[in-house]
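In: fold the following for me, if possible:
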Amino acid sequence: MTQQLSPQSRRQPIYTPEERRRRDESPWTIVQGVLAPIQFLVFLVSLYLVLRYLATGEGYLAATWSVVIKTLVLYTIMITGSIWEKAVFGQYLFARPFFWEDVFSMLVLALHTAYLVSLYALDHQTQMFIALAAYATYVINATQFLIKLRAARLEGAQQGASKAFAGAAE
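Out: Model (predicted):
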């Protein structure tokens, strides 16, 4: 009779103990923790301005600047995130635990960059629809990272509980 492994026992941990230590010691972890909510706030303001422009035809300049600022914040968080990934996992992008988040991040970057290019080539309404497409991918990507963050916290709590249980059993 073969023993079935539960999904949790088959799944690789997000961090090895050494990666978790490097993550906890890296100043880039704090940078990411600060930039992520800032980016989300910039996104919310910009989303409002873009939707207002599309609904009323007013506020094009404010909407445009808000998307440009959102894009610059995105570039910043992507660069610092790559540095964080190098510090924790030893490679700048596509480390095993964050491979799919990084793949989708490339789409997010591509659409935000397409928006910047559209400023020179397309009409205002099309620019705003590109911004909305970029924002939709950003929401999906942010959700991916939040799910990964939650999984890492649960994993860390589970490892801590296992160590405490093992220590109490000795």
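
In: helices of the chain, residue ranges please.
Out: For the chain, applying DSSP state H gives helices covering 7-10, 17-25, 27-56, 60-89, 99-118, 124-169.

In: pipe those into CSV and attach mean neighbour count and mean pLDDT per row.
Out: In short, each C-beta sits where N, CA and C put it, glycine included. Output for the helices of the chain, formatted as CSV (neighbours: other Cβ atoms under 10 Å; pLDDT from 0 to 100):
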stretch, mean neighbour count, mean pLDDT
helix 7-10, 8, 51
helix 17-25, 14, 92
helix 27-56, 15, 97
helix 60-89, 18, 97
helix 99-118, 17, 96
helix 124-169, 14, 82
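
In: tell me the contacts of F40?
Out: A142 (Cβ atoms under 8 Å, 6 or more residues apart in numbering).

In: so A95 makes contact with F89?
Out: Yes: if you go by Cβ atoms under 8 Å, A95 and F89 touch, sitting 3.6 Å apart.

In: quick one: residues contacting V88.
Out: Counted by Cβ under 8 Å, 6+ apart, V88 has contacts Y15, E19, R22, R23, S26, T29, A95.

In: in those residues, find the pair that's most separated.
Out: T29 and A95 (14.3 Å; Cβ to Cβ).

In: sorry, back to before: can I get the contacts of V88 in JSON lines with distance to M106?
Out: Output for these, formatted as JSON lines (distance: Cβ to Cβ, whole Å):
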{"residue": "Y15", "distance to M106": "23"}
{"residue": "E19", "distance to M106": "22"}
{"residue": "R22", "distance to M106": "24"}
{"residue": "R23", "distance to M106": "22"}
{"residue": "S26", "distance to M106": "23"}
{"residue": "T29", "distance to M106": "22"}
{"residue": "A95", "distance to M106": "14"}
